[in-house]
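Undergrad: build me a structure from this.
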Amino acid sequence: MEVRKILLHRAGPSREATAELLLYLADRYQHVKEVIEPALQAGCHVFSDRYHDATLAYQGHARRLGFSLIDQLAEVLAIPMPDLTVVFDLDVELALGRARARDAEGSEIWTRFESEDLDFHQRVREGYRLLAEREPNRVITLDASGSPEEVFEELTNILRERGVIE
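TA: Numbering: from 1, shown residues only. Now for the predicted structure:
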């Protein structure tokens, strides 16, 4: 958790892209060992709002480190790939506005990623689109421009189609 705080807090020293990647991979690895593996061994479904595909989109594409480096490191670390990733796709300016408004409710500062410029966020969105093209059976793009109820209904339909829920 402390690594995550360091990564997301806007203050502090700048982070070189590869160092940022390694910190995220350390956080992911720890989360796998402490939470994901025990839950899977217990027969549970695991839902996560950010996981390996976020690393690919943010550090791999937006930070321009490339998917292949991250794929190789994930293989070495035995980070399991999710069975399904649902990307909530939304116009970048609208998504960033929502994120900044949400963050402002809890604090007066945006997180490190919300502080990034619009071009960075465009690259993140493009990274997710590339992932969906690369693995169309595993990475599903959901149009998140509707109301929360509409988006939830569409998500529920996807999860039903995949047999995750009844």
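Undergrad: could you tell me the per-residue confidence at the residue nearest the centre of the chain?
TA: Note on the chain: the residue nearest the mean C-alpha position is residue 54, at 2.9 Å, using CA atoms, centre = their mean. According to the prediction, residue 54 has pLDDT 95.
Undergrad: could you export the host helix or strand of it as PDB, CA atoms only?
TA: Per DSSP states H and E: residue 54 is located in helix 52-55. Provided in PDB are the C-alpha atoms of helix 52-55 (Å, rounded to 0.1, in the frame of the first residue of the first chain):
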ATOM      1  CA  HIS A  52      -2.000  -5.600 -15.500                       C
ATOM      2  CA  ASP A  53      -3.800  -4.100 -18.500                       C
ATOM      3  CA  ALA A  54      -3.600  -0.700 -16.800                       C
ATOM      4  CA  THR A  55       0.100  -1.200 -16.600                       C
END
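Undergrad: got the contact list for that helix?
TA: The contact list for helix 52-55 (CB atoms under 8 Å, 6 or more residues apart in numbering) reads 21, 24-25, 28, 70, 74, 79, 81-82, 85, 87, 128, 131, 139. C-beta coordinates here come from the backbone N, C-alpha and C atoms, glycine included.
Undergrad: residues of stretch 87-94 that come out buried?
TA: For stretch 87-94, the buried set under the neighbour-count rule, 16 or more other CB atoms under 10 Å, comprises 87, 89-90, 92.
Undergrad: next one: stretch 42-58
TA: 51-58.
Undergrad: show me which of the contacts of helix 52-55 are buried.
TA: For the contacts of helix 52-55, buried by 16+ other CB under 10 Å: 21, 24-25, 28, 70, 74, 79, 85, 87, 128, 131, 139.
Undergrad: now do the strands in the chain.
TA: Under the criterion DSSP state E, the chain contains strands at 85-89, 139-143.
Undergrad: turn those into JSON lines, including mean pLDDT.
TA: Compiled in JSON lines, these are given as follows (pLDDT from 0 to 100):
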{"stretch": "strand 85-89", "mean pLDDT": "96"}
{"stretch": "strand 139-143", "mean pLDDT": "96"}
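Undergrad: where does this structure dip in pLDDT?
TA: For the chain, applying pLDDT under 70 flags the ranges 1-14, 102-114.
Undergrad: may I see the buried residues of the longest helix along the chain?
TA: The single longest helix within the chain, with elements called by DSSP state H, is helix 118-134. Going by neighbour count (16+ other CB under 10 Å), the buried part of helix 118-134 is 121, 123-125, 127-132.
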